[in-house]
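Trainee: kindly return the folded structure for what I paste below:
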Amino acid sequence: MQAGLAQRRFGAYIPPPVQPTILIVDDEKHTREGLRASLEDSFDVYIAPDTAGALAVLESEQVDLMLTDLRLGGDDGMVLIEKALARAHPPIVIMMTAYGGVDTAVEAMKRGAYDFVTKPLNIDRLEILIRRALRSRHVEKEVVELKQKVETKYGLEKLIGHSPLMEEVFDTVKQVAPSRAAVLITGESGTGKELVAQAIHALSGRAKEKFVAVHMAAFSAQLLESELFGHEKGAFTGATERRIGRFEQANGGTLFLDEIGEIDKNTQVKLLRVLGEERSFERVGGNAPLKVDVRLVAATNRDIEEMVGKGEFRDDLYFRLSVIRIHMPPLRKRTEDVPLIAHHYLRVAAEENGKPVREMTTDAMELLERYPWPGNIRELRGAIERAVVMAGGAKITVRDLPQSVRDGASMIPTSVAGLKLPAFSKPGQHLNLQETEQRMIIRALDECGGNVTKAARVLGLSRRTLHRRLKEFRAAETADHATTATAAPAHSSPNGR
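Mentor: This next block holds a predicted model:
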């Protein structure tokens, strides 16, 4: 019986083992007992005489390393290796055998064994091997954890949201990231287009290479050409030495061209060449073609298709850039994501500014959800940081938010303004279903001071559903007014005109 199990019979509390856990499987009792006696000072040791016993231990305990004999009575140790390694959390496996040889070692390695030892065993060498194997597993675990941290910092986790629109973005990014297809990201300023580009890079096979970003609108046409493709010494006044451009810097990795709609026709032609089959270009002032392997991701807040139609952007370049299209929705169209994003930036701002702010009041959050956020996530982040700095306690209140947000959110939505309670069609008649629903909604809004979020909660509706209902009411009223206006002259003119 394993030592820990024997101690538990006396009723004493045994804390979880901090030593590595080893399972010894051998059908010879003196071998397994001898190994346990030799190793239990350094490890938490379990023993089993056969495959069934070993699998029972693996089922009930988290085993770090399994030391198993090749021959287990009528069982084959190779079979046990396969079953052990097929588990969700497989142990490291070292095989013992008295029938050593190259063939046995190769077969054991093919089945997934870390190493094998021959009998009679040298305990000192065995313990060194065990510790090396466990250290190797520890390093592997650290690598996995580091990779998870990297993905958390640069992968999809930086894109915050659970709305259907963002779920669609997540699905597309995960689908296209492993490919080498060019991606065009569209959307208003401040929606997070560069974060999408970073996520595509982080989830691709190029993640270990460079991610190079160029904000195209920041350079004049001449400087942009040099910035992208580099230049040779003496190419123009001030070119005192050779410069390596962004395409060369990003070779093997990803090049992100932000605000692609701002480039001139000459640069468009040069981009088209580097995106062609040759994938080559020349430095400014040079004539030697240079080939690069670059994954291109572009972004714009302009309507590129409209620009193509007007002849402002080359259609052939547009088709090369937009093999995959990803649209980033504005924040006002995914208001259900506002609380998630706000809390994220609250934690970031509190840490960066050394403030003990941990949450915000319900009124403050409702105000954030009502505000239309014309500057999108960039504006929301700035508002949250301002509120964290101004907060006098552990919670952000309405007064801590920027005046522009307070003023903008306090306005009753245009879909509500002007709506009136429907009257009965005729004296003594009941309201129909639509009129009853409209009456309830307008009354709820009135009682909640025009707060759509509160009214939706009172009515048991989602905020989105309530907005849709209000739009329908507005459209119906507009149609009624139009019908009345058209019919009125026929009744008001004495000449029948």
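Trainee: strands of the stretch 251-400 of the chain, start to end?
Mentor: Counting by DSSP state E, counting those that start in this stretch, the stretch 251-400 of the chain has strands at residues 254-258, 280-281, 290-291, 295-300, 324-327, 359-360, 395-396.
Trainee: which of these is buried the deepest?
Mentor: Per residue and on average, the most neighbours among the strands of the stretch 251-400 of the chain fall to strand 295-300, with a mean of 25 (mean count of other C-beta atoms under 10 Å). Just so you know, the C-beta spots here come from the backbone N, C-alpha and C atoms, and that holds for glycine as well.
Trainee: that strand vs strand 254-258, what angle?
Mentor: With axes from the mean of the first three to the mean of the last three C-alpha atoms, to 10 degrees defining the directions, strand 295-300 sits at 10 degrees from strand 254-258.
Trainee: let me have the strands of the stretch 251-400 of the chain in CSV, extended by mean pLDDT.
Mentor: Rendered in CSV, the data for the strands of the stretch 251-400 of the chain read as follows (pLDDT from 0 to 100):
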stretch, mean pLDDT
strand 254-258, 96
strand 280-281, 82
strand 290-291, 88
strand 295-300, 96
strand 324-327, 96
strand 359-360, 89
strand 395-396, 92
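Trainee: redo the ones you listed as TSV? Include distance to residue 309.
Mentor: Formatted as TSV, the entries for the strands of the stretch 251-400 of the chain read as follows, by distance: least, C-beta to C-beta, whole Å:
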stretch	distance to residue 309
strand 254-258	21
strand 280-281	28
strand 290-291	34
strand 295-300	15
strand 324-327	17
strand 359-360	45
strand 395-396	46
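Trainee: out of these, nearest to residue 463?
Mentor: Taking C-beta to C-beta as the measure, the strands of the stretch 251-400 of the chain were each checked against residue 463, and strand 359-360 came out nearest at 17.7 Å.
Trainee: any weak-confidence spans in this structure?
Mentor: Residues of the chain meeting the criterion pLDDT under 70: 1-18, 99-102, 105, 142-155, 410-436, 449, 477-497.
Trainee: show me how it divides into domains.
Mentor: Each domain of the chain is listed here as a residue range: 3-146, 156-329, 333-410, 433-489, per automatic domain parsing.
Trainee: looking at the strands of the stretch 251-400 of the chain, which is nearest to residue 60?
Mentor: When these are compared by C-beta to C-beta, strand 359-360 sits nearest residue 60, at 42.2 Å.
Trainee: how far off centre is the closest one?
Mentor: Centroid separation between strand 359-360 and its chain, computed with C-alpha atoms, centre = their mean, to the nearest Å, is 24 Å.
Trainee: partners of that strand, with directions?
Mentor: Listed by DSSP bridges, the sheet partners of strand 359-360 and their directions read strand 395-396 (parallel).
Trainee: after the strand it pairs with comes which helix or strand?
Mentor: Proceeding N to C from strand 395-396, the next assigned helix or strand is helix 403-410, under DSSP states H and E.
Trainee: which other helices and strands does that next one contact?
Mentor: With contacts defined as 3 or more C-beta pairs under 8 Å, 6 or more residues apart in numbering; DSSP states H and E, the packing partners of helix 403-410 are helix 362-370.
Trainee: coming back round to it: how about the strands of the stretch 251-400 of the chain, which one is nearest residue 404?
Mentor: Nearest to residue 404, of all the strands of the stretch 251-400 of the chain, is strand 395-396, at 15.9 Å by C-beta to C-beta.
Trainee: could you check how far the closest one is from the centre of its chain?
Mentor: Here the centre of mass of C-alpha atoms in strand 395-396, compared against the chain's by C-alpha atoms, centre = their mean, lies 27 Å away.
Trainee: coming back round to it: among the strands of the stretch 251-400 of the chain, which is nearest residue 216?
Mentor: Nearest of those (C-beta to C-beta): strand 254-258, 5.9 Å.
Trainee: tell me the contacts of residue 80?
Mentor: If you count contacts by C-beta atoms under 8 Å, 6 or more residues apart in numbering, residue 80 has them with 25, 51, 54, 55, 68, 72.
Trainee: one more: residue 166?
Mentor: Neighbour list for residue 166: 159, 160, 329, 334, 337 [criterion: C-beta under 8 Å, 6+ apart].
Trainee: got the phi/psi numbers for it?
Mentor: The phi/psi pair for residue 166 (degrees, to the nearest 10) reads phi -80, psi -30.
Trainee: follow-up on the earlier one: for residue 353, which of the strands of the stretch 251-400 of the chain is the nearest?
Mentor: strand 395-396 (12.5 Å).
Trainee: who's in contact with the closest one?
Mentor: Contacting residues not belonging to strand 395-396 are listed as 346, 357, 358, 359, 360, 361, 364, 384, 387, 388 [C-beta under 8 Å, 6+ apart].
Trainee: which of those residues count as buried?
Mentor: Judged by neighbour count, with 16 or more other C-beta atoms under 10 Å as the criterion, the buried members of those are 346, 357, 360, 364, 384, 387, 388.
Trainee: restricted to helices, list those.
Mentor: Taking DSSP state H, the ones among the buried ones among the contacts of strand 395-396 that sit in helices are 346, 364, 384, 387, 388.
Trainee: mind listing the helices for the stretch 351-497 of the chain?
Mentor: Here the stretch 351-497 of the chain has its helices, by DSSP state H, counting those that start in this stretch, at 362-370, 376-390, 403-410, 433-447, 452-459, 463-492.
Trainee: a markdown table for those, including distance to residue 212?
Mentor: Below are these laid out as a markdown table (distance: least, C-beta to C-beta, whole Å):
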| stretch | distance to residue 212 |
| --- | --- |
| helix 362-370 | 35 |
| helix 376-390 | 22 |
| helix 403-410 | 35 |
| helix 433-447 | 51 |
| helix 452-459 | 42 |
| helix 463-492 | 39 |
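Trainee: and the ones you listed: which comes nearest residue 206?
Mentor: Each of those was scored for nearness to residue 206 using C-beta to C-beta, and the closest is helix 376-390 (25.7 Å).
Trainee: can you show me the CA trace of that closest one as PDB?
Mentor: The C-alpha trace of helix 376-390 is given here as PDB (Å, rounded to 0.1, in the frame of the first residue of the first chain):
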ATOM      1  CA  ASN A 376     -15.700  54.200 -30.800                       C
ATOM      2  CA  ILE A 377     -13.400  52.200 -28.500                       C
ATOM      3  CA  ARG A 378     -10.700  54.900 -28.600                       C
ATOM      4  CA  GLU A 379     -13.100  57.400 -27.200                       C
ATOM      5  CA  LEU A 380     -14.500  54.900 -24.600                       C
ATOM      6  CA  ARG A 381     -10.900  54.200 -23.400                       C
ATOM      7  CA  GLY A 382     -10.200  57.900 -23.000                       C
ATOM      8  CA  ALA A 383     -13.400  58.400 -21.100                       C
ATOM      9  CA  ILE A 384     -12.700  55.500 -18.700                       C
ATOM     10  CA  GLU A 385      -9.200  56.700 -18.000                       C
ATOM     11  CA  ARG A 386     -10.500  60.200 -17.300                       C
ATOM     12  CA  ALA A 387     -13.100  58.800 -14.900                       C
ATOM     13  CA  VAL A 388     -10.500  56.700 -13.100                       C
ATOM     14  CA  VAL A 389      -8.300  59.700 -12.600                       C
ATOM     15  CA  MET A 390     -11.200  61.800 -11.400                       C
END
